[in-house]
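Engineer: generate a structure from the sequence data that follows.
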Amino acid sequence: MDQRIESYRGLRVWQSAMLIAELCYEATKNFPKEEMFGLTSQMRRAATSIAANIAEGYGRENPGSFVQFLRIAQGSLKELETHILLARRVGFMGEKAEIDLLVQCEENGKMLRALIRTVQRKQAE
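Structural biologist: Residues are numbered from 1 along each chain as shown. Below you'll find the predicted structure:
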């Protein structure tokens, strides 16, 4: 039986990406005010970009475009991971917030890789 997802909102990978964005906003709300247009903004932009690119790729209704946007989401995920590590190193983020975000990022990365493989496999059929 072939299960059809009617919207990008039904994709677990998108739901996971939205959780990452929520966690990121929570983790950055107490960053120093002078970082509002620096690391705070960069982290939030990268975090929201993950879910946004998944949605945009899905909306293209073309497997090749979907894979392209999933790869862009992967890039945003790695960018966010780097910002998280930096935020912890410079003392803006506590260990728990860092771990919570990195665990979610790892799970999301696995889902992105699996979805890319699935879409490519179906495209090749």
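
Engineer: tell me the pLDDT at the residue nearest the centre of the chain?
Structural biologist: When the chain is reduced to its mean C-alpha position, the closest residue under Cα atoms, centre = their mean turns out to be residue 50, at 3.4 Å. Looking at residue 50, its pLDDT is 99.

Engineer: and it, what does it touch?
Structural biologist: Counting by Cβ atoms under 8 Å, 6 or more residues apart in numbering, residue 50 touches 17, 20-21, 73, 76-77, 80, 108. Any C-beta I mention is one placed from the backbone N, CA and C, and that applies to glycine too.

Engineer: state the distance from residue 111 to residue 41.
Structural biologist: 26 Å (Cβ to Cβ, to the nearest Å).

Engineer: all strands for the chain, in order.
Structural biologist: For the chain, no strands are identified by DSSP state E.

Engineer: just for it, where's the confidence low?
Structural biologist: Confidence mapping of the chain against pLDDT under 70 gives the ranges 1-3.

Engineer: how about the nearest residue to residue 58, chain neighbours excluded?
Structural biologist: The shortest distance from residue 58 to any non-neighbouring residue, by Cβ to Cβ, 6 or more residues apart in numbering, is to residue 8 (3.9 Å).

Engineer: pretty sure the one you found sits against residue 55.
Structural biologist: Yes. With contact taken as Cβ atoms under 8 Å, residue 8 and residue 55 are classed as touching, separated by 4.4 Å.

Engineer: need the overlap of contacts for the two.
Structural biologist: Counting by Cβ under 8 Å, 6+ apart, the residues touching both residue 8 and residue 55 are residue 14.

Engineer: which residues touch residue 19?
Structural biologist: Taking Cβ under 8 Å, 6+ apart, one finds residue 104 in contact with residue 19.
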